[in-house]
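Asker: just a sequence and a predicted model for now, questions to come.
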Protein chains: 2
Amino acid sequence: MFAFSRLQQVQHLRPVCLRSFSTNMGLNNLIFRQLFDTTSSTYTYLLADSKNREAILIDPVIDQVKRDWHLVQDLNLTLKYAVNTHMHADHITGTGELKKLSGCKSIISEASGAKADIYVKENDVIHFGEHKIKVLATPGHTNGCVTYYLSEESMAFTGDTLLIRGCGRTDFQEGNAASLYNNVHQKIFTMPDETKLYPAHDYKGMMSTTVDEEKRLNPRLTKSLDDFINIMDNLNLSYPKMIDKALPANKVCGLYEIPEEIAAKIK
Amino acid sequence: MFAFSRLQQVQHLRPVCLRSFSTNMGLNNLIFRQLFDTTSSTYTYLLADSKNREAILIDPVIDQVKRDWHLVQDLNLTLKYAVNTHMHADHITGTGELKKLSGCKSIISEASGAKADIYVKENDVIHFGEHKIKVLATPGHTNGCVTYYLSEESMAFTGDTLLIRGCGRTDFQEGNAASLYNNVHQKIFTMPDETKLYPAHDYKGMMSTTVDEEKRLNPRLTKSLDDFINIMDNLNLSYPKMIDKALPANKVCGLYEIPEEIAAKIK
C-alpha cells in the first residue's frame, strides 16, 4: 500500500495540481486522448474540459466510431463537436455516425467544400468548456486544410499539413506544394518551439512531435521552397486506394454515401 | 512504502509552468513519447529529463530499434537504461541492440529469470535526471512482471499486468490469475485515481487509461477474485506464435539468440 505524506495529499487539492493532474495529461483541466485506426493509420483526438465535461473529437474515423463513442461515455463527457482538419481521401469520417449517436455538431472548413453544421475559416475560435481552439487556414494538401491550435495548452493538430518528419501529399485534391510550404513556415513553424504537434497520420508508430523538431529535422520542410516543390513533384505516389469511396461520403460529412461493406462493418 | 524526501516535497511547490511546458507533455521537465510497434501491438515509452538529457526506454522492440535510437539522437538525449516490464513472449526486446548502439545498461526484474546489467525488485528506484521510477512487483502474467511508477508525474507503466479494459493472459510463463488480480488491486488500484496508466500493448488503438477508469470499467478486474480466476481459466487462447523465438532471445536481453529473419531485418 502507498503511504502518501500529508503534504502531498493537501497539494492534490490545490488549484495548481488541478492543472497537472487532469484525467490524462495536460493543462488547464484538459482531458486528452490520442486514438489510432490501424487500417488507415489515422489518429483521432479526444479533447474535453474536465470541469464542464464538454468534449470534441478531431478527425474521427467511421470504423472506430463505436470505440470513440464508448470512450466519450466512459469518461462521462458530452460530445459537442466532431471536427475535421480537412476532407479526407483515405478514410470516411466518423462525423456522420457520431452526429446520429450523440447529437453533436459537425465542423469543417468553409474552403473544404464539404457539408457540415458549422464552417470555420482563418482565425475562428472553437470553444469547449474553458478551452479555445484557434483555426489556422493551412491549405496545401487540400484547399480546405486547417490546423487547430490550442495556444494555452501548447498543442496543435496539423491534419495532413505537417506530419512527423513529413507532410501530406500535394498531387491531388487541389494540392499545392508552395502553399503547403508557406503555410507551414508562416503558421506552424512560428509557434513556440515547445508546441506539441499532433498529426492526422503516422506510419511508423510515432505519435507526436514538436515545432522545434520539425524545424530542425523535417527532411522536406527544412529545404528551400524550390527544393521542396521539386521533392513533392517527384514523389510518384500511387493513386489513393480509398479516394473514390471516401470523398463522396466525406463531402456530406459521412452522413450518406457510405459504401455497403463499411456500412455492414459499423452496424 | 514510499519515502519522499524533503527535497521532493519542496519541488512540488515550485512554479507550475515549469512543470507544464516541457518538451512533450508532462511534468517536471519530463520529455515523454509513446511509440508503437504495429506487428506486435507493443507500446515502447521514451522518458527523459529535459535538463540533463538522461533518457530511458521502457519495453523497446527489436524491430523498432533504429526508429527509437534515431529519436533519442534527434532529441539530443543520452540513453541511460533500456528497461523491460517483464520477459516478453510476443516480441524480442530491443534492449540488446540498444546496448550495442548506445552503451546503455539493461534493466529487468530479478524474478524474471532473464539476464540484464541491473536487476530490480519491489521498492527499488530507478533514476534518470531528476526523475524517479519506483519498481512495484506485480507478478501474475509472468513471475517477473513489474510496474514502473512515477508518482510525481502521476504515471505508471503496467506492462502486461494491466491493459486498457483488460489484462495480460495468465496461462503460460508461470501465469497466476490470483496473483495478477491481487497485485492489480493492491498496487495499482490503490494509486490516486487520476494516475495515467500506460500498458505494454493495446489492440484497439487506445493508448492510455487511468486508475479511475480501470477501477470502474475493467471488465475482468472489477469482478470478484473467484469470477476473475474463472474468466482467466476459460479464455481458451491459442499458443503465442512468437513465444518459442522470443523467450530464448529475451532470456539474454535480446543480445543473442536472434532468429535469422529478424537479424536480417534489423541490419
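Answerer: Received the coordinates, thanks.
Asker: from here on, just use CA atoms for contacts and neighbour counts.
Answerer: Fine.
Asker: and the nearest residue to A:Arg53 once chain neighbours are set aside, what are its phi and psi?
Answerer: In space, A:Arg53 comes closest to A:Leu77 once its chain neighbours are excluded; the distance is 4.8 Å by Cα to Cα, 6 or more residues apart in numbering or on different chains. Note on A:Leu77: its backbone torsions stand at phi -110, psi 160 [degrees, to the nearest 10].
Asker: give me the number of residues near A:Leu77?
Answerer: Look at A:Leu77: counted by other Cα atoms under 10 Å in any protein chain shown, it has 21 neighbours.
Asker: that one and A:Phe128, how far apart?
Answerer: Counting by Cα to Cα, to the nearest Å, the gap from A:Leu77 to A:Phe128 is 11 Å.
Asker: where do the contact lists of those two overlap?
Answerer: A:48, A:54-55 (Cα atoms under 8 Å, 6 or more residues apart in numbering or on different chains).
Asker: from the residues you listed, which is closest to B:Gly175?
Answerer: A:Ala48 (38.2 Å; Cα to Cα).
Asker: report the contact partners of that closest one.
Answerer: Counting by Cα under 8 Å, 6+ apart, A:Ala48 has contacts A:30-32, A:54-56, A:77, A:128-129.
Asker: from those residues, which single one is nearest chain B?
Answerer: Of all the contacts of A:Ala48, A:Phe32 has the smallest distance to chain B: 10.0 Å, by Cα to the nearest Cα.
Asker: which element follows the host helix or strand of the closest one toward the C-terminus?
Answerer: Assessed by DSSP states H and E, A:Phe32 sits inside strand A:30-37. Sequence order places strand A:42-49 as the next helix or strand after strand A:30-37, per DSSP H and E.
Asker: buried stuff in that next one?
Answerer: Within strand A:42-49, the residues that count as buried by 16 or more other Cα atoms under 10 Å in any protein chain shown are A:42-49.
Asker: check these and tell me the two furthest apart.
Answerer: A:Thr42 and A:Asp49 (23.4 Å).
Asker: now the helices for the stretch 151-267 of chain A?
Answerer: A:177-183, A:211-217, A:225-233, A:243-251, A:260-266 (DSSP state H, counting those that start in this stretch).
Asker: enumerate the residues of the stretch 101-250 of chain A near chain B.
Answerer: A:154, A:194-196, A:204-210, A:213, A:217 (Cα under 8 Å from any Cα of the partner chain).
Asker: compare these and tell me which has the most neighbours.
Answerer: That'd be A:Thr195 among those, by other Cα under 10 Å, with 28 neighbours.
Asker: helix, strand, or coil at the residue lying closest to A:Gln173 once chain neighbours are set aside?
Answerer: Among residues not flanking A:Gln173 along the chain, A:Thr142 sits closest, at 5.5 Å (Cα to Cα, 6+ apart). Assigned with DSSP: H, G, I helix; E, B strand; the rest coil, A:Thr142 falls in the coil class.
Asker: and A:Thr142, how far from A:Val120?
Answerer: 15 Å.
Asker: now for whichever residue of the stretch 101-250 of chain A sits closest to chain B: which residues touch it?
Answerer: Closest residue of the stretch 101-250 of chain A to chain B, Cα to the nearest Cα: A:Gly205 (4.3 Å). When contacts are counted by Cα under 8 Å, 6+ apart, A:Gly205 touches B:35-38.
Asker: and with 6 Å instead?
Answerer: Residues counted as contacts of A:Gly205 (Cα atoms under 6 Å, 6 or more residues apart in numbering or on different chains) are B:35-37.
Asker: out of those residues, which is most surrounded?
Answerer: That'd be B:Phe36 among the contacts of A:Gly205, by other Cα under 10 Å, with 24 neighbours.
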